[in-house]
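K.L.:
I would like the atomic coordinates for the input below:
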Amino acid sequence: MDNPEFTRLTQNATREVPLEKWGPYLSERQWGTIREDYSRNGDAWNYFPHDHARSRVYRWGEDGLAGISDLFQNLCFAIALWNGKDPILKERLFGLTNQEGNHGEDVKELYYYLDNLPSHYYMKYLYKYPQEAYPYLDLLHRNRELGKMAPEYEILDTGVFDKDRYFDVYVEYAKKAEEDIFIKIEVVNRGDQAASLTVLPTLWFYNRWQYAGDDQKPKITVLDGQSAQATHHFLGDYYFYLQQPAEMLMTENETNFERLYNRPNPSEFVKDAFHEAIINGKDRDKLSSKKEGTKLSPVYHLDIEPGASQAIYLRLTNEPQAQPFEDNFEQIFADRKGEADAFYNDLIPKGCSGDQKNIQRQAFAGLLWSRQYYHYDLERWLETSDGITPVSGERMQGRNSTWKYLKNQDIISMPDKWEYPWYAAWDTAFHCISLSLVDPVYARHQLLLLMREWYMDPSGQLPAYEWNFSDVNPPVHAFAAMEIYRNEKKIFGKGDVDFLKKVFQKLLINFTWWINRKDKDGNNIFEGGFLGLDNIGLFNRSMMLPGNTLLEQADGTSWMGMYALGMMDIAIEIAMHDPTFEDSCTKFYEHFVIIAEALNEMGLWNKEDQFFYDVLSLNNSEAIPLKVRSIVGLTPLFGVSIIDRESLKKLPDFAKRMQWFQNYRKANSKFLPSHQKRDDECILLSMDRQRLQAILEKVLDESEFLSPGGIRALSRVYRDNPYSLEYGGNRYSIEYDPGDSTSGMFGGNSNWRGPVWMNMNYLLVHALRINGIFYGDDLKVECPKGSGNYLNLVDVSRELARRLVHIFESDDQHQRTLHGPYNWFYQKETNRDLVLFNEYFHGDTLRGLGASHQTGWTALVVNLLFELNG
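P.N.:
Reported below is the predicted structural model:
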């Protein structure tokens with residue numbers, strides 16, 4: 001790949017942290033996070049609400065609109081806007097808290113990640129800002145009134161966009177060098193009338209002096225009417241150049257105690273001063289005459305004719321410039337955009353349509369924009385105050401109190417920078433699979449980061465997510481490591497065996513933790529709680545059950561079988577280069593066999609229904625199968641591997657031991673998982689062929705799992721026939737629920753009772769493809785059931801992939817299925833190329849639901865497109 005971006009990535013690969021110093025590392029929501037919650041009762045949403053965000057200093061990071069920062073978020077840049085009618089500046093994205101939304105927390109804005117390079121030498125972001133007053137109260141009150149049976153009331157339902165009276169605000173970044181960044185803010189009036197907009201490009205310092213002391217307080221100094229200097233003891237000096245503004249306002253990034261707590265302010269210059277100055281004219285002269293502080297905004301008043309646009313240019317650089325905007329300086333944006341085009345043209349498969357290329361480009365943009373600075377030192381968080389609430393015993397013994405060694409301060413790929421501005425262990429693994437297609441070095445670094453000493457518990461547990469680090473996410477990291485390795489080898493020509501060695505060593509500790517902690521009876525039947533599937537069960541699968549009742553989980557056990565095979569695959573690949581790992585191949589092969597025996601022989605497989613179910617084990621004497629056909633019963637399909645002839649030839653001890661183990665178990669009438677050998681001596685480790693076919697009959701049935709856009713998380717048979725169970729004096733029921741969650745379980749903001757989820761579909765597509773590679777045309781199944789159309793399993797995997805991709809594709813009427821009832825807006829010529837990447841999709845209509853920018857695991861659509869067109 002002979003282009004500048006690939007050269008930059010090659011250079012970054014030599015760094016300890018393979019990232020550029022500047023990038024989109026600013027969060028889109030810092031308020032309402034666990035890190036900022038110092039309450040006694042752990043009520044994060046109410047302790048630091050949106051209404052406080054403009055006035056109150058954050059302790060653990062910063063947020064902003066279309067913003068950037070350095071690697072440690074010392075110096076930040078973002079935009080603020082005012083349409084002349086809102087009660088506050090549009091300084092950050094607005095959304096409802098978990099208690100305010102009828103389906104939990106939800107951002108209520110229109111914004112899009114249009115483009116980004118792994119080096120962030122080119123980035124583009126679009127925000128749509130109404131010209132009428134932003135409907136804050138309408139969104140709040142209407143959603144509070146709605147029940148869980150109603151869909152969410154969104155910004156496009158309010159009417160503020162009906163007549164196209166809004167601004168498209170494009171923010172572009174183009175680097176001349178690593179620490180020399182040109183910024184373009186272009187505002188387009190989409191309405192039919194002239195309209196005015198105030199734009200405040202804002203530069204500020206993260207307030208670390210609140211705990212480091214004033215002797216390390218940085219400063220921004222106005223040099224003249226078109227430049228300022230930012231000085232930081234660690235970061236050094238930066239120069240901020242701008243085209244002539246109407247004025248420049250300066251304040252301090254300090255809490256407004258008077259507004260929030262009716263207490264005197266230590267300083268008259270506070271964080272929200274620009275809101276008061278622009279909207280109410282308060283202290284405007286004082287702010288414009290202040291020449292030194294920690295938060296600076298030049299002010300631009302734009303009057304824009306219908307359909308016209310105006311642009312503002314700025315520059316942030318570490319070197320003073322005699323001519324910051326030299327002749328033809330705008331060309332830097334076209335040049336960097338051209339480099340982005342060249343980079344993606346080299347990567348994206350040639351067989352993709354123009355629309356598919358657009359989908360992939362925006363998916364990659366979302367992944368790269370979602371890199372965020374994440375800082376959380378548990379010990380310090382527990383033992384110090386935020387200056388508002390004193391340290392309490394409740395917090396010292398409360399949430400995450402057993403994770404005191406966890407000290408995170410890194411750039412992390414977030415699931416969604418507004419709805420989920422914190423990492424989740426299994427989400428991150430999926431992100432890395434997609435990231436490996438464009439930035440494999442960072443993907444490797446990111447996956448390993450979760451396993452480092454400042455993340456992993458000394459016992460070997462990986463932290464789940466900040467709301468409860470002790471929860472358990474599915475162990476998909478060995479699978480992710482091999483996907484990263486294979487992608488890099490296929491696309492970039494070489495896989496990194498040392499990376500596999502590092503992963504293997506760390507995951508060996510984690511695997512042992514699972515064996516010791518999540519197999520209570522030592523029978524290789526694993527628990528794990530909700531395992532990332534929120535409301536998938538009849539009841540909360542993480543709750544303590546009465547007496548000696550134990551929930552034996554089909555998916556917990558299946559994940560461990562998949563984990564064992566993933567570790568075996570890693571060990572085999574390493575052993576091809578380093579024979580000292582050959583014994584480990586045997587170890588994990590035998591683990592897989594033993595776990596598969598438990599999964600298939602100890603009650604989780606229901607012979608009558610030909611399906612896997614969770615089982616309630618009562619006092620080790622009675623077993624009650626929970627006969628719910630859900631994605632839980634499909635997870636046994638995910639454990640599949642082919643051992644090729646070359647590996648068996650090069651690893652004779654492994655081949656010998658495997659053969660002995662099989663012979664021993666056969667001689668003693670013990671269970672063996674499907675272990676089939678082809679004429680070329682390749683061996684398939686997978687589910688029994690008959691059980692595979694029985695499950696696929698349900699998977700490919702459109703009245704059960706198969707939707708027009710992939711596999712549903714719960715069978716559609718429960719739409720008319722809900723499943724119920726009487727247990728412990730309570731009645732539990734589950735029914736097909738294809739849209740937003742109607743349950744409050746786990747906050748009620750996501751739903752596994754019917755929608756389509758990209759991550760689980762990706763695992764299923766992968767498993768079917770591997771089985772299909774082995775069986776070829778020797779195994780065909782009816783797809784869909786009742787159609788009379790029989791396909792081999794590779795073709796079935798491709799059919800599922802096509803259905804999943806279809807969710808995002810534009811039709812002849814410029815409609816995308818995922819936009820659902822809002823296609824009237826996205827059909828407009830200026831909006832028809834915009835694509836969202838929702839958390840999950842309605843099980844029948846495929847409308848996008850949940851988080852709207854989850855180019856975390858939903859970005860796996862790019863991997864599917866690579867498979868379909870590669």
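K.L.:
Any figure for the gap between the closest residue to E252 other than its chain neighbours and E292?
P.N.:
Among residues not flanking E252 along the chain, F269 sits closest, at 4.3 Å (CB to CB, 6 or more residues apart in numbering). (Glycine included, C-beta is placed from N, CA and C.) Noted for F269: a distance of 10 Å to E292, by CB to CB, to the nearest Å.
K.L.:
What is the burial count for the residue nearest to E252?
P.N.:
19 (other CB atoms under 10 Å).
K.L.:
give me phi/psi at the residue nearest to L368 when sequence neighbours are not counted?
P.N.:
If the residues on either side of it in the chain are set aside, L368 comes closest to N116, at 3.8 Å by CB to CB, 6+ apart. Dihedral pair for N116: phi -170, psi 150, per degrees, to the nearest 10.
K.L.:
now D224
P.N.:
phi -160, psi -170.
K.L.:
For I185, see how far away it is.
P.N.:
21 Å.
K.L.:
Now do the same contact list for V628.
P.N.:
By CB atoms under 8 Å, 6 or more residues apart in numbering, the contact set of V628 is 537-538, 613-614, 714, 718, 723, 734.
K.L.:
hang on, it is in a strand, isn't it?
P.N.:
No - counting by DSSP: H, G, I helix; E, B strand; the rest coil, V628 is not part of a strand but coil.
K.L.:
Please tell me I have it right and A308 contacts V187.
P.N.:
No - using CB atoms under 8 Å, A308 makes no contact with V187, being 9.4 Å away.
K.L.:
Those two: which is more packed in?
P.N.:
Set A308 next to V187 and count neighbours by other CB under 10 Å: V187 wins out with 23 against 12.
K.L.:
returning to that earlier point: dig out what the residue nearest to L368 forms beta bridges with.
P.N.:
M123 (DSSP bridges).
K.L.:
neighbours around it, how many?
P.N.:
Using other CB under 10 Å, N116 has 27 neighbouring residues.
K.L.:
didn't it look like it was pressed against S370?
P.N.:
No - the pair N116 / S370 is not scored as a contact, 9.4 Å apart, by CB under 8 Å.
K.L.:
any common contacting residues for those two?
P.N.:
Common neighbours of N116 and S370, counting by CB under 8 Å, 6+ apart, are P24.
K.L.:
Compute the first-to-last residue distance for stretch 726-744.
P.N.:
By CA to CA, to the nearest Å, the extent of stretch 726-744 from end to end equals 20 Å.
K.L.:
For stretch 796-816, which residues meet the burial criterion?
P.N.:
Residues 796-801, 803-810, 814-816 are the ones in stretch 796-816 that count as buried (16 or more other CB atoms under 10 Å).
K.L.:
cool, stretch 477-495 as well?
P.N.:
For stretch 477-495, by 16+ other CB under 10 Å, it's 477-485, 487-488, 491-492, 495.
K.L.:
Point out the ones among these that are inside strands.
P.N.:
Judged by DSSP state E, the buried residues of stretch 477-495 include no members of strands.
K.L.:
Please convert the residues you listed to TSV, extending it with distance to Q827 and pLDDT.
P.N.:
Output for the buried residues of stretch 477-495, formatted as TSV (distance: CB to CB, whole Å; pLDDT from 0 to 100):
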residue	distance to Q827	pLDDT
H477	41	98
A478	44	98
F479	39	98
A480	37	98
A481	42	98
M482	41	98
E483	36	98
I484	38	98
Y485	42	98
N487	35	96
E488	39	95
I491	35	89
F492	39	87
G495	44	94
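K.L.:
circling back to that earlier point, out of the contacts of V628, which is most surrounded?
P.N.:
In terms of neighbour count, L714 stands highest of these at 28 neighbours, by other CB under 10 Å.
K.L.:
Report the beta-bridge partners for that residue.
P.N.:
Bridge pairing for L714 - DSSP bridges - gives S630.
K.L.:
May I ask which helix or strand of this protein has the lowest mean pLDDT?
P.N.:
strand 674-677 (a mean of 76; mean pLDDT, DSSP states H and E).
K.L.:
Paired strands for the helix or strand following it, with orientation please.
P.N.:
Remark: after strand 674-677, the chain's next helix or strand is strand 683-686, criterion DSSP states H and E. Strand 683-686 has the following strand partners under DSSP bridges: strand 641-643 (antiparallel), strand 674-677 (antiparallel).
K.L.:
the more surrounded of D224 and I185?
P.N.:
Between D224 and I185, counting by other CB under 10 Å, I185 is the more crowded of the two (20 against 7).
K.L.:
Need the three-state assignment for that one.
P.N.:
Strictly by three-state DSSP, I185 counts as strand.
K.L.:
Name the nearest residue to it, sequence neighbours excluded.
P.N.:
The shortest distance from I185 to any non-neighbouring residue, by CB to CB, 6+ apart, is to I312 (4.4 Å).
K.L.:
one step back: and which of the buried residues of stretch 477-495 is nearest M560?
P.N.:
Closest to M560 out of those is A478 (10.9 Å), distances taken as CB to CB.
K.L.:
I'd guessed that closest one sits against A571; true?
P.N.:
No - applying CB under 8 Å, one finds A478 not in contact with A571, separated by 9.8 Å.
K.L.:
Please report how far A212 lies from F205.
P.N.:
As defined by CB to CB, A212 lies at a distance of 12 Å from F205.
K.L.:
for this structure, which spans come out with low pLDDT?
P.N.:
The model of the chain has pLDDT under 70 over residues 1, 528, 746-747.
K.L.:
Leaving aside the residues adjacent along the chain, what's closest to S617?
P.N.:
Using CB to CB, 6+ apart and skipping residues adjacent in sequence, the residue nearest S617 is L550, 4.5 Å away.
K.L.:
N540 too?
P.N.:
Excluding the flanking residues, the one nearest N540 by CB to CB, 6+ apart is M745, at 5.8 Å.
K.L.:
just R315 next, same as before
P.N.:
Y241 is the one closest to R315 (CB to CB, 6+ apart), at 4.3 Å.
K.L.:
How about the contacts made by the one you found?
P.N.:
Taking CB under 8 Å, 6+ apart as the test, what Y241 contacts is 226-227, 314-317, 321, 324-325.
K.L.:
what do you get for N535?
P.N.:
741, 743, 745-746, 748, 750-753.
K.L.:
Which single one of these is nearest to L684?
P.N.:
Taking the contacts of N535 together and measuring to L684 by CB to CB, the closest member is W752, at 29.8 Å.
K.L.:
Which secondary structure state does the closest one sit in?
P.N.:
Strictly by three-state DSSP, W752 counts as coil.
K.L.:
Q815 versus that one, what's the distance?
P.N.:
27 Å.
K.L.:
cool, and W514?
P.N.:
With distances taken as CB to CB, W514 is found 45 Å from Q815.
K.L.:
The residue nearest to Q30 when sequence neighbours are not counted bridge partners, please.
P.N.:
Leaving aside its chain neighbours, Q30 sits nearest to D63 (4.1 Å; criterion: CB to CB, 6+ apart). Beta-bridge pairing of D63 under DSSP bridges involves S27.
K.L.:
Thought W31 was touching D63, still the case?
P.N.:
Yes - look at D63 against W31 with CB under 8 Å: they come within range, at 7.2 Å.
K.L.:
anything in contact with each of the two?
P.N.:
Joint contacts of D63 and W31 (CB under 8 Å, 6+ apart) are 53, 92.
K.L.:
residue contacts, L800?
P.N.:
For L800, the contact set (CB under 8 Å, 6+ apart) comprises 710-711, 761, 764-765, 768.
K.L.:
Cool, thanks, signing off.
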